[in-house]
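Chemist: Output the structure for:
(2 chains)
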There are 2 protein chains.
Amino acid sequence: MTEFQIEVRVTPRRGILDPQGKAVGGALASLGFAGVSEARVGRLVTFHLRAASDEEARGQADAMCRQLLANPVTEDFDVRVQALAGSAP
Amino acid sequence: MTEFQIEVRVTPRRGILDPQGKAVGGALASLGFAGVSEARVGRLVTFHLRAASDEEARGQADAMCRQLLANPVTEDFDVRVQALAGSAP
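Modeler: You can find the predicted model right below:
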């Protein structure tokens, strides 16, 4: 078993209203930051996962996203898998 | 002016209690996903920013983090800057 660092990026799907992103864009403009557009706010979920292989880790993380971490109707997710240094293969 | 894609990763500072991460870890275990540890939940803020240079874009984004996007007491942030393809330098 190897320990993997999993990073899941959950982002509002393009075309879906993102009120948090809209609020951030508005607040940045109020603070005087000009030139900001397309502000969007998503979630970044990270964890360690013990798995037999990179493929198994990715498969499990994909299943976690579909079952818990992302809303499949309104959000997209992207999984990044990296073996942790010093973990036994 | 060039248009940059800015990605800000805001994460709970190490050592600070992360109730959302704890909840995610517990929920994943309840769903039968074994081998998960160190779950943490942060925010991923992305936006476009018009600026004269990469350095200016990064400086502005750092200021936005300190003023609005991150809580300097409990959170760390990491800014990534990338020039958007097709934008005039």
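Chemist: near chain B, which residues of chain A show up?
Modeler: A:1, A:9-11, A:21, A:24-25, A:27-28, A:31, A:33-51, A:60, A:63-64, A:67-69 (Cβ under 8 Å from any Cβ of the partner chain). Every C-beta, even on glycine, is put in place using the N, C-alpha and C of the backbone.
Chemist: measure the nearest residue to A:Val79 once chain neighbours are set aside to B:Val36 for me?
Modeler: Nearest non-adjacent residue to A:Val79, counting by Cβ to Cβ, 6 or more residues apart in numbering or on different chains: A:Ala61, 4.6 Å away. Separation of A:Ala61 from B:Val36 (Cβ to Cβ, to the nearest Å): 10 Å.
Chemist: Now for those two: what residues contact both?
Modeler: A:Leu49 (Cβ atoms under 8 Å, 6 or more residues apart in numbering or on different chains).
Chemist: could you pull out the helices for chain A?
Modeler: A:19-30, A:54-64 (DSSP state H).
Chemist: Go through the ones you listed and pick out the most buried.
Modeler: helix A:54-64 (a mean of 18; mean count of other Cβ atoms under 10 Å in any protein chain shown).
Chemist: List the residues that contact A:Val79.
Modeler: So A:Val79 contacts A:6-8, A:58, A:61-62, A:65 (Cβ under 8 Å, 6+ apart).
Chemist: Is A:Val41 bridged to anything, and to what?
Modeler: B:Val45 (DSSP bridges).
Chemist: Tally up the residues packed near it, please.
Modeler: Residues within reach of A:Val41, counting by other Cβ atoms under 10 Å in any protein chain shown, total 22.
Chemist: Tell me the confidence at it?
Modeler: What the model reports as pLDDT for A:Val41 is 98.
Chemist: Poorly predicted segments of chain A, please.
Modeler: Applying pLDDT under 70 to chain A picks out residues A:87-89.
Chemist: Please tell me I have it right and A:Arg43 contacts B:Val41.
Modeler: Yes - using Cβ atoms under 8 Å, A:Arg43 is in contact with B:Val41, at 6.1 Å.
Chemist: Which residues are in contact with each of those two?
Modeler: By Cβ under 8 Å, 6+ apart, no residue touches both A:Arg43 and B:Val41.
Chemist: Grab the nearest non-local neighbour of A:Arg9.
Modeler: A:Asp78 (4.6 Å).
Chemist: so what's that neighbour up against?
Modeler: Applying Cβ under 8 Å, 6+ apart, the residues contacting A:Asp78 are A:8-9, A:11.
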